[in-house]
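J.: For reference, the sequence and a predicted model appear below.
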Protein chains: 2
Amino acid sequence: MLFRQLVDYSTNTFTYLLADENSKEALLIDPVLEQVERDFELIQQLGLKLIYCLETHVHADHITGTAKLKELSNCAGLVPENAKVACADRELKDGDILALGNIQIRTIATLGHTDSHNAYLANNKILFTGDSLFIRGCGRTDFQSGNAGEMYNSVVQKLFSLPPTTIVYPGHDYKGHLCSTIEEEISFNPRFLNLSKNQFIDLMSNLNLPNPKKIMEAVPANQKCGKV
Amino acid sequence: MLFRQLVDYSTNTFTYLLADENSKEALLIDPVLEQVERDFELIQQLGLKLIYCLETHVHADHITGTAKLKELSNCAGLVPENAKVACADRELKDGDILALGNIQIRTIATLGHTDSHNAYLANNKILFTGDSLFIRGCGRTDFQSGNAGEMYNSVVQKLFSLPPTTIVYPGHDYKGHLCSTIEEEISFNPRFLNLSKNQFIDLMSNLNLPNPKKIMEAVPANQKCGKV
């Protein structure tokens, strides 16, 4: 499996490139509009064929590159169940398996940051958590129908029950960590360690974070697959 | 081998953590002063013992975290031959092999960005290039006794002769790429592709880059192992 993590420095957003080295089929998870040229050039240089763009959720802090990538490659745009993205080619729901050559990607619905959100588990080993579990943190739950109780269940019941050596690749990071493991996050994530569900809900309701700068443009644009 | 790439977002600098999972011995390559707390916390959480801090060179854009990490851990600070860092515990010269448990790290002198610069090759597979080879670029050669001709020789003769599947981890990246391979850089790096040595020297002498903001404080601090 060919794998690359890419960063959009202006929004601290990670995009992930996965490809089957035999079939040359590739997918991107959470591509960013401003980075489409970089990502598509890399795909071409590596001799890959972009088949899918997967969204973990409808983002509020950046506009997806999916619409532009579809123009360049005829890839399909896949979004989580209930994302309300009419132009998407397909919705992925909990338990769905997506095949990319010999790579299997399992959808794990992980609601909480928004009321439509997936994590994706590649080959039972590499977990793309979007804005659910972060490294020593988690996504916020105070807009877009976010729900702290659901976030707690998603992370503690679903993600923390995966094998401890599962590698965690988040949707964002703000401190300079690039990956982690389920074992590490169970042991050291201060948002969940020794916290009951009610204590977590209290913690999340008192973060007092400002809205993302681009929320008013990003959400409607992402509901149109990133067409701007 | 445990491996982590870490970013200092304010200077786009990568720090690398390598550790032998059996002996728990660890080293950091190019630690950044402002990230010492993050890096040392990670080392402690992973149950590792910091043995070495390796510099690829005397940096001009950030201050090394080595002095502070030595206070926290009694690790040894290792610098390239001729770095003129009197407080360093040891100099590493071309061909030197450093053992970290069962991991072998080979020093490859790669002058050009500065007149004292090493790349480090771990287990003949993972190459830390510092400010010599970047992803689709290379370090500048216009200060600190930099020399474009030497940079060309270091990259084209030394690094490009490594196995094509060698994974490249640079000291910096400004476009959001995190790793590459020798094969990719031979095929697509615009600083070297189809350029003679003289053409490369011309290109590098016409970049007209501003000096790094911190050069006046970083270089003297790094010559004192990062003591400020």
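T.: The structure has been received and is ready for your questions.
J.: Flag every buried residue along stretch A:194-210.
T.: Of the residues in stretch A:194-210, A:195, A:200-201, A:203-204 count as buried by neighbour count, 16 or more other Cβ atoms under 10 Å in any protein chain shown. (C-beta placed from N, C-alpha, C; glycine too.)
J.: Leaving out sequence neighbours, find the closest residue to the residue nearest to the spatial centre of chain A.
T.: Centroid-nearest residue in chain A, with Cα atoms, centre = their mean: residue A:130, separated by 2.6 Å. Once flanking residues are discounted, residue A:130 sits nearest to residue A:56: 2.7 Å by Cβ to Cβ, 6 or more residues apart in numbering or on different chains.
J.: And residue A:55, by the same measure?
T.: residue A:79 (4.8 Å).
J.: My guess is the one you found contacts residue A:53. True?
T.: No - counting by Cβ atoms under 8 Å, residue A:79 stays clear of residue A:53, with 9.3 Å between them.
J.: what's the neighbour count on the residue nearest to residue A:55?
T.: 27 (other Cβ atoms under 10 Å in any protein chain shown).
J.: what does the one 10 residues further on give?
T.: The burial metric for residue A:89, expressed as a neighbour count using other Cβ under 10 Å, is 15.
J.: what separates the lowest-mean-pLDDT helix or strand in chain A from the chain centre, distance-wise?
T.: Using mean pLDDT, DSSP states H and E, helix A:215-222 stands out as the lowest-scoring helix or strand of chain A, at a mean of 89. Here the centre of helix A:215-222 is set off from its chain's centre by 17 Å, with Cα atoms, centre = their mean, to the nearest Å.
J.: Same question for it: list its buried residues.
T.: Those would be A:218-219, A:221-222, for helix A:215-222 by 16+ other Cβ under 10 Å.
J.: okay, that helix in CSV with CA atoms only?
T.: Only the C-alpha atoms of helix A:215-222 are listed here, as CSV (Å, rounded to 0.1, in the frame of the first residue of the first chain):
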residue,chain,number,x,y,z
ILE,A,215,-17.5,28.5,8.4
MET,A,216,-20.0,30.7,6.6
GLU,A,217,-18.5,30.0,3.2
ALA,A,218,-17.0,26.5,3.8
VAL,A,219,-20.2,24.6,5.0
PRO,A,220,-22.4,25.7,2.1
ALA,A,221,-19.6,25.1,-0.5
ASN,A,222,-18.9,21.7,0.9
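J.: which other residues reach it?
T.: For helix A:215-222, the surrounding residues in contact (Cβ atoms under 8 Å, 6 or more residues apart in numbering or on different chains) are A:55, A:58-64, A:85, A:143-144, A:212, A:227-228.
J.: right, and the pair among the buried residues of helix A:215-222 with maximum separation?
T.: The span of these, defined through Cβ to Cβ, is set by A:219 and A:221 at 7.3 Å.
J.: circling back: the contacts of helix A:215-222, buried ones only, as a ChimeraX selection?
T.: Buried residues among the contacts of helix A:215-222 (16+ other Cβ under 10 Å), as a ChimeraX selection:
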select /A:55,58,59,60,61,62,63,64,85,144,212,227
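J.: and of the contacts of helix A:215-222, the nearest to chain B?
T.: Closest approach to chain B among the contacts of helix A:215-222 (Cβ to the nearest Cβ): residue A:62, at 12.5 Å.
J.: next structured bit after the strand or helix carrying residue A:79?
T.: Assessed by DSSP states H and E, residue A:79 sits inside strand A:76-80. Downstream of strand A:76-80, the next assigned helix or strand under DSSP H and E is strand A:90-92.
J.: That following strand packs against which elements?
T.: Where contact means 3 or more Cβ pairs under 8 Å, 6 or more residues apart in numbering or on different chains; DSSP states H and E, strand A:90-92 is packed against strand A:76-80.
J.: Contact residues of chain A facing chain B?
T.: Applying Cβ under 8 Å from any Cβ of the partner chain, we find that chain A lies next to chain B at A:4-9, A:12, A:35, A:38, A:42, A:45-46, A:174-179, A:184, A:187-188.
J.: and those residues, which of them are in helices?
T.: Counting by DSSP state H, those place A:38, A:42, A:45, A:184, A:187-188 in helices.
J.: Quick check: phi and psi at the spatially closest residue to residue A:73 that is not a sequence neighbour.
T.: Spatial nearest neighbour of residue A:73, excluding adjacent residues (Cβ to Cβ, 6+ apart): residue A:50 at 4.2 Å. Dihedral pair for residue A:50: phi -80, psi 120, per degrees, to the nearest 10.
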